[in-house]
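> can't give you the sequence, but here's the structure:
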């Protein structure tokens, strides 16, 4: 790709952060995706992004990130400034005491840099739920699980959680189902995805702000909006970068399995069934893509519409170099870094990331 124009940066009135789901690619061992995540975090730090979060998925062929606290430790070890966290740990899959202990260890090793993003999803299939020893109804007690988890940090839990006891690890709640209301009830920051049904998202944010109870970990509402964003020389090229993830999403919705990322040209040349095409277009509908200036303007507008305090950005494409180029262009366009995008070199990759 050639460099984008070097016009004046367009300020986005919100922090910019990154969620990386460690998606596997066709022809690669899943371990390569994990090594790429750690190397990518170092580049994200060099580009000035505020946070770098990883996610939790179990038994999914195309997603390598199954142990977010372990991966967060590797990311924090490879970086020095950027905040590191989870987007998120699916609390119904775990005992709150164990989660508190894990984040207590992370915060003790990397003080002042750890975030505890929490979700309420359970395993995708009956087999995975059985292996995790949880049922479909495990998420029903999410609010109570949050209460217990936070109690371990302030020393009011049923037992003392070492080394979490007395530590402050910021907690964030992912808005799935009743997540917005639960975040407001506990006085916690809210993470919500930008979707094609924007009014539904805006209604959830409004409810969160109206019902927010100060005195938890936050005195005021804090909203983080997640968005799938790609930046390239043109909107067409940026949209091309997002085709692999949209196709894998379509496969998951029509066949029940999220497949490893295919090259964009393979996806765009594919003959899809009517059902696959519908699912693919639905996945595409919430993706944002354009040049650096276009995306800076679009993200500023998204921030204005939602009142977001922070944007959590994600992009998963087949070539990690294309992903890095996109984030580099956006960092330049929004003023996170100065100079032309090509003037901001990637950090030297970890030796392990090259062993594919």
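Received, thanks. None of the values given here were measured: they were computed from a predicted structure. Numbers count the residues shown, from 1 in each chain.
> hey, let's count contacts and neighbours off CA atoms from now on
OK.
> What is the burial count for the residue nearest to residue 102 when sequence neighbours are not counted?
Counting by C-alpha to C-alpha, 6 or more residues apart in numbering, residue 102 lies nearest to residue 69, which is 6.9 Å off, once chain neighbours are set aside. Neighbour count for residue 69, taken as other C-alpha atoms under 10 Å: 24.
> Equivalent analysis for residue 269, please.
8.
> Over to residue 255?
The burial count for residue 255: 11, using other C-alpha under 10 Å.
> need the longest strand for this structure.
strand 223-231 (DSSP state E).
> contact partners of that one?
For strand 223-231, contacts defined as C-alpha atoms under 8 Å, 6 or more residues apart in numbering pick out 189-194, 205, 238-239, 241-242, 286-292, 295, 306-315, 323, 325-327, 329-330.
> List buried residues within those.
For those, a burial check counting by 16 or more other C-alpha atoms under 10 Å picks out 189-194, 205, 238-239, 241-242, 286-292, 295, 306-315, 323, 325-327, 329-330.
> So which of those sit within helices?
205, 238-239, 241-242, 292, 295, 306, 323, 325-327, 329-330 (DSSP state H).
> Which positions within the helix or strand bottoming out on mean pLDDT in the chain qualify as buried?
None of the helices or strands of the chain scores lower by mean pLDDT, DSSP states H and E than helix 126-132, at a mean of 76. By 16+ other C-alpha under 10 Å, the buried positions in helix 126-132 come out as 128-129.
> Going by contacts, tell me the helices and strands next to whichever helix or strand comes after it.
Moving toward the C-terminus from helix 126-132, the next helix or strand (DSSP states H and E) is helix 142-154. With contacts taken as 3 or more C-alpha pairs under 8 Å, 6 or more residues apart in numbering; DSSP states H and E, helix 142-154 sits against helix 96-109.
> what sits up against the helix it packs on?
Applying C-alpha under 8 Å, 6+ apart, the contact partners of helix 96-109 are 69, 73, 91, 113-114, 116, 145-146, 148-150, 152-153, 161-165, 167, 169.
> ok now the helix or strand following that helix, how far from the chain's centre?
Remark: after helix 96-109, the chain's next helix or strand is strand 114-119, criterion DSSP H and E. Here strand 114-119 is found 11 Å from its chain centre; the criterion is C-alpha atoms, centre = their mean, to the nearest Å.
> Run through the neighbouring helices and strands of strand 114-119.
By 3+ C-alpha pairs under 8 Å, 6+ apart, strand 114-119 packs against strand 83-86, strand 89-90, helix 96-109, strand 171-174.
> looking at the ones you listed, which is buried most?
strand 83-86 (a mean of 28; mean count of other C-alpha atoms under 10 Å).
> Which strands border that strand, and is each parallel or antiparallel?
Strand pairing for strand 83-86, using DSSP bridges, gives strand 51-54 (parallel), strand 114-119 (parallel).
> which residues touch the helix or strand following the first one?
To tie it back to what came earlier, the one meant is strand 51-54. Under the assignment DSSP H and E, the closest C-terminal helix or strand after strand 51-54 is helix 68-78. Helix 68-78 is contacted from outside by 34, 37-39, 41-42, 53-56, 65, 83-86, 88-89, 102-103, 106, 110, using C-alpha under 8 Å, 6+ apart.
> go on, stretch 209-216?
181, 183-188, 219-221.
> what does stretch 180-190 give?
With C-alpha under 8 Å, 6+ apart, stretch 180-190 has contacts from 143, 147, 171-175, 204-205, 207-209, 211-224.
> Buried subset of the residues you listed, written for ChimeraX?
In ChimeraX, a selection of the buried entries from those looks like this (16+ other C-alpha under 10 Å):
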select :143,171,172,173,174,175,204,205,208,209,211,212,213,216,217,218,220,221,222,223,224
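> Adding distance to residue 262 and pLDDT, write the ones in helices among the buried ones among the contacts of strand 223-231 out as CSV.
CSV is the format used below for those (distance: C-alpha to C-alpha, whole Å; pLDDT from 0 to 100):
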residue, distance to residue 262, pLDDT
205, 35, 95
238, 16, 97
239, 15, 97
241, 11, 97
242, 11, 97
292, 25, 96
295, 25, 97
306, 33, 95
323, 14, 97
325, 19, 97
326, 18, 98
327, 20, 98
329, 23, 97
330, 24, 97
